[in-house]
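Novice: coords below, sequence missing:
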């Protein structure tokens, strides 16, 4: 996303993430699993258990998937067979003494809910601000990761189209830090990438190194803001 100056496909109406990062790797693994190969050789179908529960949100997913036919797999939905909603699943996990797992999605997914943004780490919030700032010059029909504002009608939670603005409005990062990331970080990242492109491949520094420096510089700026120190225009975000 940062290199291509864009946002995830779900923001633009796509939605292939689950297929690419969840279903496809499972299918690739199963294709090499000897019991599955024996089953297929005998003309059978492997039974695949899908974890859709009986809550409203998963019911919509189930209705979309239930008609899909696959010659290799027969699908079952045990949580729905047991009529377990999300709360029932969480209670059962807790009774087993295990932690309830978080939502399995990218923290910068356009489908993230406002209350989930409140739970993100400082570093994750910064990357969202950087991602939206990097993509903004190329955006035409969407404002950011949340596409367009939600006014809060029919019980919906009001929110802006940009998660950056939500972060700013809720004070999840200081206004000075948000402004400095938007103003400096995209240019600093481009300068870093241009410098790396001029080097031989074996000499190049991974982008993760730049991101570590980005967070260290942001920590310093946040500390200055906390102590009331004026942040200089030529901030540490440009000092890589």
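Specialist: Yep, that arrived. Everything numeric here is computed off the predicted structure, so don't read it as measured data. Residues are numbered from 1 along each chain as shown.
Novice: model confidence over stretch 6-14, on average?
Specialist: The pLDDT scores in stretch 6-14 average 88.
Novice: which outside residues touch that stretch?
Specialist: With CB atoms under 8 Å, 6 or more residues apart in numbering as the test, stretch 6-14 has contacts from 1, 15-17, 106, 108-111, 131-132, 135, 138-139, 142, 144-145, 147. In this view, the C-beta of every residue, glycine as well, is placed from N, C-alpha and C.
Novice: which members of those residues are classed as buried?
Specialist: For those, a burial check counting by 16 or more other CB atoms under 10 Å picks out 1, 17, 108, 110, 131-132, 135, 139, 142, 144-145, 147.
Novice: residue 76 reaches residue 50, doesn't it?
Specialist: Yes. Judged on CB atoms under 8 Å, residue 76 makes contact with residue 50 at a distance of 7.1 Å.
Novice: ranges for the strands of this structure?
Specialist: Counting by DSSP state E, residue ranges of the strands within the chain are 46-49, 73-76.
Novice: winner for burial among those strands?
Specialist: The highest average neighbour count among the strands of the chain, using mean count of other CB atoms under 10 Å, belongs to strand 73-76 at a mean of 14.
Novice: list the contacts of it.
Specialist: Here strand 73-76 has contacts from 45-50, 65-66, 68, using CB under 8 Å, 6+ apart.
Novice: before we move on, back to that, sitting in helices, which of the contacts of stretch 6-14 do you find?
Specialist: Within the contacts of stretch 6-14, residues falling in helices by DSSP state H are 17, 131-132, 135.
Novice: can you tell me which of those residues is nearest residue 5?
Specialist: Nearest to residue 5, judged by CB to CB, of the ones in helices among the contacts of stretch 6-14 is residue 135 at 5.4 Å.
Novice: please report the distance of residue 9 from residue 145.
Specialist: Plainly put, residue 9 is 12 Å away from residue 145 if you go by CB to CB, to the nearest Å.
Novice: low pLDDT regions in the chain?
Specialist: 225-240 (pLDDT under 70).
Novice: now with 90, please.
Specialist: Counting by pLDDT under 90, the low-confidence segments of the chain come to 9-10, 12-23, 56-70, 101-106, 111, 150-158, 220-240.
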